[in-house]
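Student: Could you look at this predicted model? Sequence included:
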Amino acid sequence: MNIKKVLAYQVLDSRGRPTVAVTLTLSDGSMHTARVPSGASTGAHEAHELRDGGGGKAENFYGGKSVFSAVANVNEIIAPKLIGHSLNPAAIDGILVEVDPTPGHQRIGANATLATSLVVAKASAHASGKSLARFYQPTGPLLIPMPMVNILSGGAHANRSLDIQDVLVIPHAAQSFAEALSWIVAIRERAASDGKSHGVTHLVADEGGLGLSFASTDDACEFVLAQIELLGLSGKVSLALDIASTQFFAANKYSLTTSGKTFSSEEFVNEMLNLVNTYPISSIEDPFAEDDWAAWSAFTAQAPDKLQILGDDLFTTNLHRLERGIAEKSATAILIKANQNGLVTSTHRVLDHAQANNFATVVSARSGETEDSWLADLAIGWRAGQIKVGSTHGSERTAKWNRLLEIEALDETEFSKPF
Ligand code: 2PG
Ligand code: MG
């Protein structure tokens, strides 16, 4: 089957900001669409998201955040090279690299390359008569990932109502994904009503979590643990934190706004060790800034064996940075975000390399998402083992949860138990 037409256009993400969509038409007449997400707490080493910036049309309508140039790059530079091409995701990703060999797709934009790369993967699955998940794993039970779900948001996602970005929960003792999700919804509901009864005005943050204010990370952890306990889920649901510390690291110091305290790297290693030794935390993400490699290694050497130490801004789904992290024992797990990388095949390669080196892998959405659900299929098809999508509110989040529920209901599956 061949590619007949490729058309990119601008659509909106969950923050109401423009993003790139691509619709591909195949020679059988079928049409396939992919939309790309966008981060807010982005790492410095991510692939380049091309936005138009100030001037003319862009500034008038979207304050410089439009993606008309990325759209034009797909329609004018990429599309002519793909028309008539057979469906081969690796070969087409190779063409995208030839079109723009700069690191991070600086010239044509990673939003242009990823939208194209994703739509080719979706169309290829269709051409082989399979779902996207089954395209990657044609036979055998599919592995439904353990979810890591946002309950409280702070940092860049909730007007810094909390220094850290997320307090999440992991329903590690659930027997199925459906059961896991029902526990999470109950915890979030309880947290929302408890927040109100404490007189706290709560806001729904960028990822659908609650933007409650807390004086400290400890208070936020205790609040979520109280909800877990009241539901009789103690010992069955653990905490996960995304510290997103690059956001409050400057001039070699970690500076917390809520407490007004400032820490050197060494002091912050101890601060994070205290936190993980005090609460039932299964996973901690970005406890240190994206280039503070020494702090990561020092922490990993001293942290409890069972703790998952997860690199997001540290690795930015980049093979070279992952290789350094493996060599320096900086972490034990990697967050996988396709738009940090820019291509589906090379994102998959990063995930495989991590697993081959005994790193756990967590496929993740961005804070700016669309209703597209390819993330769920990739997490399953690539046997990631874990997934992070934000909270349970917002259709851009439920699109992924519902796709996981659908696959669990319809296909032969097993539920991942990484903890
Ligand atoms: C993160 C993500 C998702 P963003 O830091 O892990 O929670 O946020 O997409 O803003 O980078
Ligand atoms: Mg993160």
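Tutor: Everything's here; your move. Remember, it's a predicted structure, so these values are computed and weren't measured experimentally. Residues are numbered from 1 along each chain as shown. Ligands and ions are numbered 1, 2, ... in the order given.

Student: element containing the closest residue to residue 319 other than its chain neighbours, please.
Tutor: Spatial nearest neighbour of residue 319, chain neighbours left out: residue 350 (5.3 Å); criterion: CB to CB, 6 or more residues apart in numbering. Yep, even glycine has a C-beta here, placed from its N, CA and C like the rest. Assigned by DSSP states H and E, residue 350 belongs to helix 344-356.

Student: Which positions within that helix qualify as buried?
Tutor: Buried residues in helix 344-356, counted by 16 or more other CB atoms under 10 Å: 344-348, 350-351, 353-355.

Student: Same check on stretch 17-33?
Tutor: For stretch 17-33, by 16+ other CB under 10 Å, it's 17-26, 32-33.

Student: Likewise for stretch 250-261?
Tutor: Neighbour counts using 16+ other CB under 10 Å place 254, 256, 258 of stretch 250-261 among the buried residues.

Student: Closest to residue 338 out of these?
Tutor: Nearest to residue 338, judged by CB to CB, of the buried residues of stretch 250-261 is residue 254 at 29.2 Å.

Student: thinking the closest one is in contact with residue 247, fair?
Tutor: No. With contacts defined as CB atoms under 8 Å, residue 254 does not count as touching residue 247, sitting 10.0 Å away.

Student: so what strands line up beside the following helix or strand past the helix holding residue 350?
Tutor: With elements assigned by DSSP H and E, the helix or strand that comes after helix 344-356 is strand 360-364. Strand 360-364 has the following sheet partners, assigned by DSSP bridges: strand 333-336 (parallel), strand 385-390 (parallel).

Student: is it possible to export those strands to a markdown table including distance to ligand 1, mean neighbour count and mean pLDDT?
Tutor: Converted to a markdown table, the strands paired with strand 360-364 look like this (distance: least, CB to the nearest ligand atom, whole Å; neighbours: other CB atoms under 10 Å; pLDDT from 0 to 100):
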| stretch | distance to ligand 1 | mean neighbour count | mean pLDDT |
| --- | --- | --- | --- |
| strand 333-336 | 6 | 27 | 98 |
| strand 385-390 | 6 | 26 | 98 |
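
Student: Quick check: which element contains residue 220?
Tutor: Applying DSSP H and E, one finds residue 220 within helix 217-230.

Student: who does that helix touch, helix- and strand-wise?
Tutor: Contact partners of helix 217-230 among helices and strands, from 3 or more CB pairs under 8 Å, 6 or more residues apart in numbering; DSSP states H and E: strand 146-153, strand 166-170, helix 177-197, strand 238-242, helix 265-278.

Student: what about 6 Å?
Tutor: In terms of contacts (3 or more CB pairs under 6 Å, 6 or more residues apart in numbering; DSSP states H and E), helix 217-230 is packed against helix 177-197.

Student: returning to that earlier point: please name every helix or strand in contact with the helix holding residue 350.
Tutor: helix 89-99, helix 110-127, strand 360-364.

Student: Kindly export that helix (C-alpha atoms) in CSV.
Tutor: Provided in CSV are the C-alpha atoms of helix 344-356 (Å, rounded to 0.1, in the frame of the first residue of the first chain):
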residue,chain,number,x,y,z
VAL,A,344,8.7,7.2,16.5
THR,A,345,11.4,4.7,15.6
SER,A,346,14.2,6.5,17.5
THR,A,347,11.9,6.9,20.5
HIS,A,348,11.3,3.1,20.4
ARG,A,349,15.1,2.6,20.1
VAL,A,350,15.6,4.6,23.3
LEU,A,351,13.0,2.5,25.2
ASP,A,352,14.6,-0.8,24.0
HIS,A,353,18.1,0.4,24.9
ALA,A,354,16.8,1.3,28.4
GLN,A,355,15.2,-2.1,28.9
ALA,A,356,18.3,-3.9,27.6
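
Student: which stretches of the stretch 201-350 of the chain have low pLDDT?
Tutor: The stretch 201-350 of the chain contains residues with pLDDT under 70 at 201-202.

Student: and it, which residues reach ligand 2?
Tutor: Within the stretch 201-350 of the chain, the positions lying close to ligand 2 (CB under 5 Å from the ion) are 242, 312.

Student: give me that answer again for 6 Å
Tutor: Proximity of the stretch 201-350 of the chain to ligand 2 (CB under 6 Å from the ion) is limited to residues 242, 244, 285-286, 312.

Student: Identify the residue spatially nearest to the residue of the chain found nearest ligand 2, adjacent ones excluded.
Tutor: Residue of the chain nearest ligand 2, by CB to the ion: residue 312 (3.5 Å). In space, and not counting its chain neighbours, residue 312 is closest to residue 335: 4.0 Å by CB to CB, 6+ apart.
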